[in-house]
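A.B. asks: Quick check, what structure comes out for this input:
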Amino acid sequence: RSLFKADRLTFGMHLVRGMHPEGMEQGEWDFFVGLIVADTTKSKNTFPDWIPQDRLPAVQRLAATMPLLVQSLGFQDDGPWRDWLATPKAEMPNDFPRKAATLRPFQKMMVVQALRPDRLQSAMEMYVYDALGIRSVNLGTLDLGVIAKDTLPQTPIMFIVTPGADPSAILEQACDQKLGPGKYRQLAMGQGQSEAAIKLLHESAENGFWLC
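C.D. replies: Sure thing, here's the model as predicted:
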């Protein structure tokens, strides 16, 4: 709940890396996130013409950094790879060509990154979901009642809102439902409000109010 929606997948990837480092060989993570950029100017590798020209530099970088991985893919067997390149959901494990079936999930994601970057986000989501055993990194509608149950009375809850958003009405309604009417206090912080805020804090602590 403490993460912006745009950051949840990135956090999930880092979490999986920390929890399951055995799922990545040395250098794979650094290459995936762009920390390793191979020099392909002197490369003598040749690639089949089914690889789109706009993806060729990415494939060359992958081959220069992970040569054994690329050699195992059997790119010369162009039929299955042409079919895979045209499939709507290239990240699905069962849609990979037979020669790529033995790749680890992270390696398959590297192949998607090189050849089908349009499916990379979906591939990352599937990788995180499978590794963490979850169905989604996106939470449902904010439920303050659930948040209240998950925290102690001594635990402050911080809301990060966008400009123009005001959650005070939602907070007051949730307070009324949980504690009853008249137990919600709020104060707009600003210059000279520190004493009033401390007074309200003590009052709320003593009487079991919600303070915003």
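A.B. asks: C-alpha only now, for contacts and for neighbours.
C.D. replies: Will do.
A.B. asks: Tell me the buried residues in the helix or strand bottoming out on mean pLDDT in the chain?
C.D. replies: Sorting the helices and strands of the chain by mean pLDDT, DSSP states H and E puts helix 144-150 at the bottom, at a mean of 75. Buried positions in helix 144-150, judged by neighbour count with 16 or more other C-alpha atoms under 10 Å: none.
A.B. asks: and what of stretch 175-190?
C.D. replies: Here stretch 175-190 shows 175, 183-185 as buried, counting by 16+ other C-alpha under 10 Å.
A.B. asks: Out of those residues, which sit inside helices?
C.D. replies: Among these, the members found in helices (DSSP state H) are Cys175.
A.B. asks: Save the buried residues of stretch 175-190 as JSON lines, and put in pLDDT too.
C.D. replies: Output for the buried residues of stretch 175-190, formatted as JSON lines (pLDDT from 0 to 100):
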{"residue": "Cys175", "pLDDT": "84"}
{"residue": "Lys183", "pLDDT": "89"}
{"residue": "Tyr184", "pLDDT": "89"}
{"residue": "Arg185", "pLDDT": "88"}
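A.B. asks: sorry, back to before: restricting to C-alpha, output the least confident helix or strand of the chain in CSV.
C.D. replies: Taking C-alpha atoms only, helix 144-150 is exported to CSV below (Å, rounded to 0.1, in the frame of the first residue of the first chain):
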residue,chain,number,x,y,z
LEU,A,144,-9.5,2.2,5.4
GLY,A,145,-11.2,-0.3,7.7
VAL,A,146,-8.7,-3.0,6.6
ILE,A,147,-5.8,-0.6,7.1
ALA,A,148,-7.1,0.2,10.6
LYS,A,149,-7.2,-3.5,11.4
ASP,A,150,-3.6,-4.0,10.2
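A.B. asks: From here on, call the first residue 245.
C.D. replies: Taking 245 as the first residue, the last one we looked at is helix 388-394.
A.B. asks: Just give me how far that helix sits from the chain centre.
C.D. replies: 24 Å (C-alpha atoms, centre = their mean, to the nearest Å).
A.B. asks: Check stretch 406-422 too.
C.D. replies: Using C-alpha atoms, centre = their mean, the offset of stretch 406-422 from its chain centre is 28 Å.
A.B. asks: Just the C-alphas of that stretch, formatted as PDB.
C.D. replies: C-alpha atoms of stretch 406-422 as PDB (Å, rounded to 0.1, in the frame of the first residue of the first chain):
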ATOM      1  CA  THR A 406      -1.700  14.000  -5.600                       C
ATOM      2  CA  PRO A 407      -2.300  17.800  -5.900                       C
ATOM      3  CA  GLY A 408      -6.000  18.600  -5.400                       C
ATOM      4  CA  ALA A 409      -6.900  15.400  -3.700                       C
ATOM      5  CA  ASP A 410      -8.400  15.500  -0.300                       C
ATOM      6  CA  PRO A 411      -9.000  12.200   1.600                       C
ATOM      7  CA  SER A 412     -10.400  13.900   4.700                       C
ATOM      8  CA  ALA A 413     -14.000  13.200   3.900                       C
ATOM      9  CA  ILE A 414     -13.200   9.500   3.300                       C
ATOM     10  CA  LEU A 415     -11.200   9.400   6.600                       C
ATOM     11  CA  GLU A 416     -14.100  11.000   8.500                       C
ATOM     12  CA  GLN A 417     -16.600   8.600   7.000                       C
ATOM     13  CA  ALA A 418     -14.400   5.600   7.900                       C
ATOM     14  CA  CYS A 419     -13.900   6.900  11.400                       C
ATOM     15  CA  ASP A 420     -17.700   7.300  11.900                       C
ATOM     16  CA  GLN A 421     -18.200   3.700  10.800                       C
ATOM     17  CA  LYS A 422     -15.500   2.300  13.000                       C
END
